[in-house]
Structures are given as C-alpha cells and as structure tokens.
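1. Here is my input; please provide its structure:
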Amino acid sequence: MIYYVDVPATAATAVDTFHLMGDSRRWRLLEELSAGDRRVGELSRATGDPQNLVSYHLRLLRDAGLVDARRSTHDGRDTYYRADLDRCANVLCEAGATLSPSLHLTVVPVIPRRGRRPYRVLFLCTGNSARSQMAAALLTHRSHGGIRADSAGSHPKELHPAAVRVMTEHGIDISANTTKHLDRFARTRFDAVITVCDKVREVCPEFPGGPVAIHWSIPDPNSADPDEGDSPFRATADELEVRVRHLMTRIATERQGAAS
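-> Numbers count the residues shown, from 1 in each chain. The predicted model follows:
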C-alpha cells in the first residue's frame with residue numbers, strides 16, 4: 001500500500017518550513033522526537049542545550065505544525081512533545097517538488113522481513129485494557145506477522161469492549177485477548193519496550209537484554225466522557241495506526257542495516 005502525502009498550500013510554505021527544519025538544533029530535536037515522546041528536560045540532556053533554548057526551538061517547531069505537545073497524565077506539571085512524522089514527510093517531499101516535479105516523492109511503509117528470529121515488541125500501559133492491546137494488535141497485523149508484539153499492564157483490568165469494537169473497524173479481532181500483568185514478561189527478551197501511558201513509564205521495570213525503551217504519550221480513552229461513546233477509542237486507534245506505520249519502517253531499516 002502506498003501513502004500519498006498531502007500538498008501544502010504553496011511552494012513557499014514547503015520551502016520555508018523545510019528551511020526551519022534544517023537548523024541543526026531543530027533537526028536534532030526532530031531526530032530525538034522521531035524515536036519517541038520526550039519532555040524538555042530529557043531533550044536538554046540529549047542535545048546538551050539549556051532547557052530555555054530547547055523550549056524556544058520547540059515553540060518554532062510547534063508553530064510550524066511539526067511538533068505537538070500533551071500534558072502528562074502522570075504529572076500535570078510535565079509536558080510530552082511528539083514529532084508529527086507525517087507532517088515532516090509532507091514537507092520533505094514537497095520541498096523536493098519545488099525543484100522539479102520529478103522529485104515529488106511518496107511515503108511508502110516498509111514491512112519488516114521475516115528473519116531467523118522475530119523482532120519482539122512489548123507494549124505497556126496501566127490497565128492493558130485498551131491502548132497497549134490496540135497497539136500490539138495493529139503492529140502484529142500491519143507487519144503481517146513480521147514483528148511479534150505483546151502487551152501488558154501494571155494494574156490489569158478487563159479488556160474494554162470499546163477497544164474490541166474499534167479494532168473490528170480496523171479489520172482486527174481482539175475479542176479473545178486476555179489482559180496480563182507486566183511481571184509475566186519479566187524474564188522475556190524484547191527488542192523494544194514501548195510505554196503508551198505516562199504513568200506506567202515511571203514504574204516500567206528493566207527487561208533482560210537491554211531492549212530499546214520508547215515512550216508514546218497517549219491519553220487513556222477510558223478516562224474520556226462516557227457520552228463520547230467510542231470516539232476516544234477511535235482517536236486512539238487512528239494515532240496508533242500512524243505511529244505503528246513509522247515504527248515498522250524504522251524497525252525494517254535497522255534490521256536491514258544490521259544484516260548488511
């Protein structure tokens with residue numbers, strides 16, 4: 001399947017935004033955020049820049065629609081920043097098209113190839129009733145089994161029926177899934193552990209083998225107003241679809257590099 005990028009309003013918009021991205025500090029911030037959601041302090045430590053300078057460049061990236069922010073559901077004083085990778089792809093592709101129409105590129109998701117050992121990912125949230133279940137199901141399904149994804153929670157609850165319904169809309173049946181405590185996987189080796197909940201990130205244990213730690217700051221659809229029905233779960237699934245697509249490409253690229 002090929003995903004075509006949207007066209008910005010004008011060529012000037014694409015070029016101006018491309019130029020904004022090209023600043024070395026802002027590019028480094030986008031690199032960090034492409035690997036997962038971060039707080040200002042974490043970005044400051046990663047880049048070596050003071051927090052006020054990081055905040056300044058984050059504001060420019062937010063104004064350009066390349067980065068967005070969410071208050072932490074664990075500690076409302078914290079804010080997590082996330083790169084809008086689809087928006088970044090749009091800008092990069094359209095900037096090329098301003099030089100020549102032949103350089104108008106498309107974004108193509110890469111499905112990781114099956115290897116001698118499947119790439120393993122563990123998704124964690126608090127209840128394991130929605131977000132982590134949906135993420136694991138989407139990654140397994142979209143990679144056609146090329147990636148093995150599991151999910152668990154720090155305080156497991158029953159699988160939420162809205163999560164089941166929304167996944168059915170995405171062509172995936174999770175109705176027979178069970179919820180699990182993260183301790184069940186305490187001795188399992190994963191290539192990546194992805195927390196999709198701000199609370200569980202703070203209590204996430206270390207797993208054997210030193211897996212890559214990734215954080216996706218995703219609001220709990222269970223905490224939304226019940227009058228909204230399944231809408232919060234649909235919004236969660238839509239966001240996870242985008243994140244999973246980019247994660248698949250990242251995993252496939254890393255595996256191909258390791259094999260070469």
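2. which secondary structure elements does the lowest-mean-pLDDT helix or strand in the chain contact?
-> The helix or strand of the chain with the poorest confidence is helix 11-21; it has a mean of 80 (mean pLDDT, DSSP states H and E). Using 3 or more Cβ pairs under 8 Å, 6 or more residues apart in numbering; DSSP states H and E, the elements in contact with helix 11-21 are helix 24-34, helix 85-99. No exception for glycine: its C-beta is placed from N, CA and C like everyone else's.
3. For those, which has the smallest mean pLDDT value?
-> Note on the helices and strands packed on helix 11-21: helix 85-99 shows the lowest mean pLDDT, a mean of 84.
4. want to try CSV for the helices and strands packed on helix 11-21, with mean neighbour count and distance to residue 248 as columns?
-> As requested, the helices and strands packed on helix 11-21 are exported to CSV (neighbours: other Cβ atoms under 10 Å; distance: least, Cβ to Cβ, whole Å):
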stretch, mean neighbour count, distance to residue 248
helix 24-34, 17, 14
helix 85-99, 19, 12
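5. Give me the neighbour count for residue 51.
-> Applying other Cβ atoms under 10 Å, we find 13 residues neighbouring residue 51.
6. how much space between it and residue 41?
-> Per Cβ to Cβ, to the nearest Å, residue 51 is found 6 Å from residue 41.
7. For residue 247, identify the helix or strand it belongs to.
-> helix 231-259 (DSSP states H and E).
8. for residue 148, phi and psi?
-> Main-chain torsions, residue 148, degrees, to the nearest 10: phi -100, psi 120.
9. Give me the residue ranges of this structure where confidence is low.
-> Counting by pLDDT under 70, the chain has low-confidence residues at 1-12, 101-116, 257-260.
10. mind giving me the domain ranges of it?
-> 11-103, 119-259 (automatic domain parsing).
11. which one of those is the most hemmed in?
-> Ranked by mean neighbour count under mean count of other Cβ atoms under 10 Å, these are led by domain 119-259, which reaches a mean of 19.
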